[in-house]
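My questions concern the predicted model and sequence given below.
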Amino acid sequence: MRKRRLYWTLQIVGWGFYASINLFFLTINVMGQDEKVIAPQQLEVLVQTPLLFLISHLVIRGVSKKRSWVQKDFGRNIPRVVGLTAAAALFTSVVVRTIGFLSQTPEFNVDLVTQTLFDALAFFILYAVWATIYFLYHYLESYNKSLKYEAAMNEMHLNQLKAQLNPHFIFNALNSMRALVDEEPVKAKVAITQLSNILRNSLIMDKKRIIGFDDELSTVKDYLALESIRFEERLSLKYDIAPGSERYDIPPMMIQTLVENAIKHGVSNLMEGGLVELSTRLDKTKLIITIRNSGQLVNGKRKKKKGGGYGLANTKERLKLIYGGEASFRIYNENDKFVVTEVKIPQRI
């Protein structure tokens, strides 16, 4: 309904402006023409305008809608639109010249073929401007719809990815605590408190697309403290957080997922345990997050355990959906003892 109202408003205002501006210049007679010539020209404008109005609506718009040119690839239909516009311009010129000839006014005492072709060129330019505006509007509308659809699909996919993380994380956290309940009840109570904090933060974060770095860091520290109870002296932790990191936003549960991945596929596979180091640094407009852990990649990939392995793919997909090409992710062997996971995050979007 809004589109229809906009279309008719522009039609009436546009062609009304065309008639008004022509009548205005004829009235003030800037060319100093004879009054006997001015009157037929004014009449011609009054005849032309409704004709232009009708042909633009019934012919150009009508054929374009019937053949669905506005829904298809416009680039392929340009020759058709140009041909239709040229035909409409020639038809308009013939009608106007015929009316002029029948009226036998002084203006028409010229070569009719030349005048008809000259008028056809002028009408072609008018129709071309009209068609450009008409098709450009529909193209932009279609483009905006496709962008909104793509954004909605990306948001839905992102929510699915986030939803995938929470059950996986809870399952691993509960596994971490299971052995403590009978053997070390005191540590188990501490672990339950830490898990409670993590889950409370997770419920809040789950509703957000991105969160502050400090909020994510708080969850990561609780998680690593929980894992320290399970691994005891087998797990060493180190933090090196650059000042200013708090100015950046990151996807919720991202660092936690990467740290969990480092422990599950790195440290836990080593009899002697190992180190997990979380550090950040600022590079111009990007935050570089580095997770360094004991372990090795085999053929460029972590050795997967049964039921695992989607954490890195999940992280890459979320970064792509949120930041496009502005963020980056890589994982590599630093040497024969350590694996490095590096994520670059742009400033707040």
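Happy to help now that I have it.

Does L282 touch E246 like I think?
No. Using Cβ atoms under 8 Å, L282 makes no contact with E246, being 11.1 Å away. C-beta coordinates here come from the backbone N, C-alpha and C atoms, glycine included.

Which of the helices or strands spans V81?
Taking DSSP states H and E as the criterion, V81 maps to helix 74-103.

Which residues in that helix does the neighbour count mark as buried?
Residues of helix 74-103 classed as buried by neighbour count (16 or more other Cβ atoms under 10 Å): 77, 81, 84-90, 92-93, 96-97, 99-100.

Let me know the average pLDDT across the helix or strand where F25 lies.
Assigned by DSSP H and E, F25 belongs to helix 2-28. Across helix 2-28, the average pLDDT comes to 83.

Helix or strand next in line after that helix, which one?
helix 35-55.

Just list the residues touching T315, thanks.
Taking Cβ atoms under 8 Å, 6 or more residues apart in numbering, we find T315 in contact with 251, 254, 257-258, 329, 343.

Now with 6 Å, please.
254, 257 (Cβ atoms under 6 Å, 6 or more residues apart in numbering).

so who does the closest residue to R318 other than its chain neighbours touch?
Once flanking residues are discounted, R318 sits nearest to P251: 4.9 Å by Cβ to Cβ, 6 or more residues apart in numbering. Under the criterion of Cβ under 6 Å, 6+ apart, the neighbours of P251 are 210, 318, 322.

just N333 next, same as before
So N333 contacts 297, 339 (Cβ under 6 Å, 6+ apart).

go with 8 Å
296-297, 339-340.

now I291
255, 258-259, 262, 276-278, 340-342.

That one looks like it's in a strand, true?
Yes. Judged by DSSP: H, G, I helix; E, B strand; the rest coil, I291 forms part of a strand.

Run through the helices of the stretch 151-300 of the chain in chain order.
Under the criterion DSSP state H, counting those that start in this stretch, the stretch 151-300 of the chain contains helices at 185-205, 213-231, 254-265.

now for the second one, which elements pack on it?
Spelled out, it's helix 213-231. Counting contacts by 3 or more Cβ pairs under 8 Å, 6 or more residues apart in numbering; DSSP states H and E, helix 213-231 is packed against helix 112-183, helix 185-205, strand 235-240, strand 249-250, helix 254-265, strand 274-283.

pLDDT of the fifth one, averaged?
pLDDT averaged over helix 254-265 equals 88, rounded to a whole number.

what angle separates that helix from strand 235-240?
With axes from the mean of the first three to the mean of the last three Cα atoms, to 10 degrees applied, the angle from helix 254-265 to strand 235-240 works out at 150 degrees.

which of the residues in helix 254-265 are buried?
254-265.

Can you tell me which of those is nearest F231?
Nearest to F231 among the buried residues of helix 254-265, counting by Cβ to Cβ, is I263 at 7.8 Å.

That closest one and R234, how far apart?
Separation of I263 from R234 (Cβ to Cβ, to the nearest Å): 10 Å.
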